[in-house]
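[1] can't give you the sequence, but here's the structure:
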């Protein structure tokens, strides 16, 4: 049985991976970060 | 090369587990490190899955809240990221069950689409970097059009780097079903991007 990492049918296309990495990544806002700071809620 | 990458991933996973155990032992800075490391991927998982920023933020907070509450009982038998995204997946499923799917999966990026449409045609050039940028934007729209289960598979792979086996474990389906989702998503996304790119190219 082929391993995930060598089985092409178990991976996303390299073009899609490259394009996705070019998408500007959204990040949580600072207010959300503040709420989570140090594991507090 | 591949072995080195695997080694890095394994080291990363061990580092996450150590941080979680340190946090459970009362070190808040360990949580901060884990949070900073995984916040972006988890946030985008929810934003792109729900298409609703407020809902995504609620689910995102709830996920971290559960991590905090469960810290004391955390066991290193599961990779931290697998555990984290299983919590996220289950929260999303609970939400889907509680509301009408049509309310959940709304048109997420209408604002962005408007911005994209404002790109003047003279900004297009044969430059391959620009072509790649446009295809990246088109991909984002195409992801939004994917069926939910395929979208989730794509996001888990792209945002957290999960293998098909790990995704199958998180969403509790068979490896074959996961591979099938990857195959369909690959085909649908590639066709969608290329079709939209053709439309853009024809307008130039």
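    Arrived safely, thanks for sending. These numbers come from a predicted model, not from an experiment.
[2] what's the average pLDDT for stretch B:24-44?
    Stretch B:24-44 shows a mean pLDDT of 92.
[3] which outside residues touch stretch A:16-30?
    Residues outside stretch A:16-30 that contact it (CB atoms under 8 Å, 6 or more residues apart in numbering or on different chains) are B:39-40, B:43-44, B:47, B:57, B:60, B:132-133, B:135-140, B:154, B:158, B:186, B:189-190, B:193. Placement of C-beta: from N, CA and C, glycine included.
[4] repeat that for 6 Å
    B:39, B:40, B:43, B:44, B:47, B:135, B:136, B:139, B:140, B:158, B:189 (CB atoms under 6 Å, 6 or more residues apart in numbering or on different chains).
[5] Narrow those residues to those that are buried.
    B:39, B:43, B:44, B:47, B:135, B:136, B:139, B:140, B:158, B:189 (16 or more other CB atoms under 10 Å in any protein chain shown).
[6] Would you agree the second one is in contact with residue B:60?
    Put plainly, it is residue B:43. Yes - in this structure residue B:43 lies within contact range of residue B:60 using CB atoms under 6 Å: 5.5 Å.
[7] Buried residues, the helix or strand harbouring residue B:90. List them.
    Under the criterion of DSSP states H and E, residue B:90 resides in helix B:80-98. Buried positions in helix B:80-98, judged by neighbour count with 16+ other CB under 10 Å: B:80-89, B:91-92, B:95-96.
[8] coming back round to it: which two from the contacts of stretch A:16-30 end up farthest apart in space?
    B:39 and B:135 (26.9 Å; CB to CB).
[9] Run through the buried ones among the contacts of stretch A:16-30 and flag the ones next to chain A.
    Taking CB under 6 Å from any CB of the partner chain as the test, chain A is in contact with B:39, B:43, B:44, B:47, B:135, B:136, B:139, B:140, B:158, B:189 out of the buried ones among the contacts of stretch A:16-30.
[10] Can you tell me which of those is closest to chain A?
    residue B:136 (3.6 Å; CB to the nearest CB).
[11] What is the burial count for the closest residue to that closest one other than its chain neighbours?
    Leaving aside its sequence neighbours, residue B:136 sits nearest to residue A:22 (CB to CB, 6 or more residues apart in numbering or on different chains; 3.6 Å). By the criterion of other CB atoms under 10 Å in any protein chain shown, residue A:22 has 16 neighbours.
[12] before we move on, what about residue B:53?
    Using other CB under 10 Å, residue B:53 has 14 other residues around it.
[13] can you pull the pLDDT of the spatially closest residue to it that is not a sequence neighbour?
    For residue B:53, ignoring the flanking residues on the chain, the nearest one in space by CB to CB, 6+ apart is residue B:47 at 6.2 Å. Looking at residue B:47, its pLDDT reads 91.
[14] Residue B:47: helix or strand, and which one exactly?
    helix B:28-50.
[15] What are the contacting residues of that helix?
    So helix B:28-50 is in contact with A:25-28, A:36, A:38-39, B:19, B:22-23, B:56, B:59-60, B:104, B:155, B:159-160, going by CB under 6 Å, 6+ apart.
[16] now the residues you listed: which count as buried?
    The neighbour count (16+ other CB under 10 Å) marks A:28, A:36, A:39, B:19, B:22-23, B:56, B:59-60, B:104, B:155, B:159-160 as buried among those.
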